[in-house]
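# just to be clear, the model below is a prediction. Sequence and coordinates:
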Amino acid sequence: MNTILLNDQFIDREQSSVNIEDRGYQFGDGVYEVIRIYSGKMFTGKEHITRLFESAEKIQLTLPFTEDELTENLYKLVEKNKLDTGIIYLQVTRGVSPRQHQFPLDGKAVFTAYTKEVARPEAQMNEGVTAIVADDVRWLRCDIKSLNLLGNLLAKQEAFSQGSFEAILHRDGTVTEGSSSNVFIIKNNTLYTHPATNLILNGITRREILRLCPGIGLEVKEESFTLDELYEADEVFVASTTAEIMPVIKVGAKAVGSSKPGEWSKKLQETFKASIQEQCGELVRSEV
Ligand SMILES: *Cc1c(COP(=O)(O)O)cnc(C)c1O
């Protein structure tokens, strides 16, 4: 369980170290991904890997391998670490050079990936979680999965300190997304979520949910909604690679619906699980 990937080399985790002049370390100058592993297989791996390349391109960072080469190495990593249920964390930085804001001319990207056992959060998915709302104070390129997460971290910390699972972010009363998830409401049998603009990270889980909605007869509107509409929603959930579809039963002091995961949310969870099993095979181990 202790092999990591450094560029194209598999090395022991204990042998790995960070150069203090790595631009990821000094500036957060890089991008990342989190990919779910179920039954030893990547779920929506291709989508995540493609998004990593897109994020890199948006910051003018060239990756020293192809999508296929990366896919192959990530599978080797999962095998070496005998991972059944968990995640791969992968990041790429603009590499090592004396500290200066402008990009180095001879920069060489530094890629790292490791695996971690992470169970499906079944109890929380069944019972629902609480959320707070917070000002979205982040920059205007939230479409990039950047290593710079201070705005997200401050919001998550605020949620955590209040005993909540997530902070739902808003810009002047318009809900954008969660600190590490996308936000969805259901009102009158229609699902609403912020359109995939520069103001949100277009989650792979989000895309999967939107793909599955027609199959269960749930209408979709990729339209933004306000805090008032959030508070008045029939159902609210957040979604991400690790949290999957996570019902929100209370926002701030306000109960959502009857303070229980709603029927549409539960239906989506079932359909999502079926989609996982279609791609990765049966989920034998529910606990890690
Ligand atoms: C990663 C992330 C998400 C969720 O994306 P997934 O691909 O579904 O994991 C949502 N919002 C932010 C800010 C994120 O960083």
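Now that the structure is in, tell me what you want to look at. Numbering: from 1, shown residues only.
# can you pull up the bridge partners for residue 255?
Beta-bridge partners for residue 255, by DSSP bridges, are residue 250.
# distance check, it against the ligand.
Separation of residue 255 from the ligand (CB to the nearest ligand atom, to the nearest Å): 25 Å. To be clear about C-beta, it is placed using only N, CA and C from the backbone, and glycine gets the same treatment.
# cool, and residue 200?
7 Å.
# ok, now residue 57?
Using CB to the nearest ligand atom, residue 57 is found at 17 Å from the ligand.
# now that residue, what's its secondary structure?
Put simply, residue 57 is helix when judged by DSSP: H, G, I helix; E, B strand; the rest coil.
# residues touching the closest residue to residue 136 other than its chain neighbours, list them.
Spatial nearest neighbour of residue 136, chain neighbours left out: residue 169 (3.7 Å); criterion: CB to CB, 6 or more residues apart in numbering. Residue 169 makes contact with 133, 134, 135, 136, 138, 155, 175, 176, 177, 178, 179 under the criterion CB atoms under 8 Å, 6 or more residues apart in numbering.
# next, count neighbours for the third one.
A total of 14 residues lie near residue 135 under the criterion other CB atoms under 10 Å.
# switch the contacts of residue 169 over to a markdown table; also include distance to residue 250 and secondary structure.
As requested, the contacts of residue 169 are exported to a markdown table (distance: CB to CB, whole Å; DSSP: H, G, I helix; E, B strand; the rest coil):
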| residue | distance to residue 250 | secondary structure |
| --- | --- | --- |
| 133 | 11 | strand |
| 134 | 15 | strand |
| 135 | 19 | strand |
| 136 | 20 | coil |
| 138 | 24 | coil |
| 155 | 17 | helix |
| 175 | 16 | strand |
| 176 | 20 | strand |
| 177 | 19 | strand |
| 178 | 15 | strand |
| 179 | 17 | coil |
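# make CSV from those residues and add distance to residue 42 and pLDDT to it.
CSV is the format used below for these (distance: CB to CB, whole Å; pLDDT from 0 to 100):
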residue, distance to residue 42, pLDDT
133, 33, 98
134, 32, 98
135, 35, 98
136, 30, 98
138, 28, 98
155, 29, 98
175, 30, 99
176, 28, 99
177, 23, 98
178, 23, 98
179, 25, 98
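# state the pLDDT value of the residue nearest to residue 136.
If you check residue 169, the pLDDT there is 99.
# that one: what secondary structure?
Secondary structure assignment for residue 169 (three-state DSSP): strand.
# from the ligand, how far out is it?
Between residue 169 and the ligand the distance is 9 Å, computed by CB to the nearest ligand atom.
# nearest to the ligand, of the contacts of residue 169?
For the contacts of residue 169, the residue nearest the ligand by CB to the nearest ligand atom is residue 177; the value is 5.0 Å.
# can you get me a residue count around that closest one?
Neighbour count for residue 177, taken as other CB under 10 Å: 29.
# burial check on the closest residue to it other than its chain neighbours, number of neighbours?
Nearest in space to residue 177, with sequence neighbours left out and distances taken as CB to CB, 6+ apart, is residue 200 at 4.4 Å. Neighbourhood size, residue 200 [other CB under 10 Å]: 22.
# what do you get for residue 6?
By other CB under 10 Å, neighbour count at residue 6 equals 15.
# could you do the one 10 residues further on as well?
Other residues within reach of residue 16 by the criterion other CB under 10 Å amount to 14.
# how near is it to residue 109?
16 Å (CB to CB, to the nearest Å).
# again, but for residue 227
40 Å.
# pretty sure residue 97 contacts residue 107?
Yes: contact status for residue 97 versus residue 107: in contact at 5.9 Å, counting by CB atoms under 8 Å.
# what sits in contact with each of the two?
With CB under 8 Å, 6+ apart, residue 97 and residue 107 have common neighbours residue 23.
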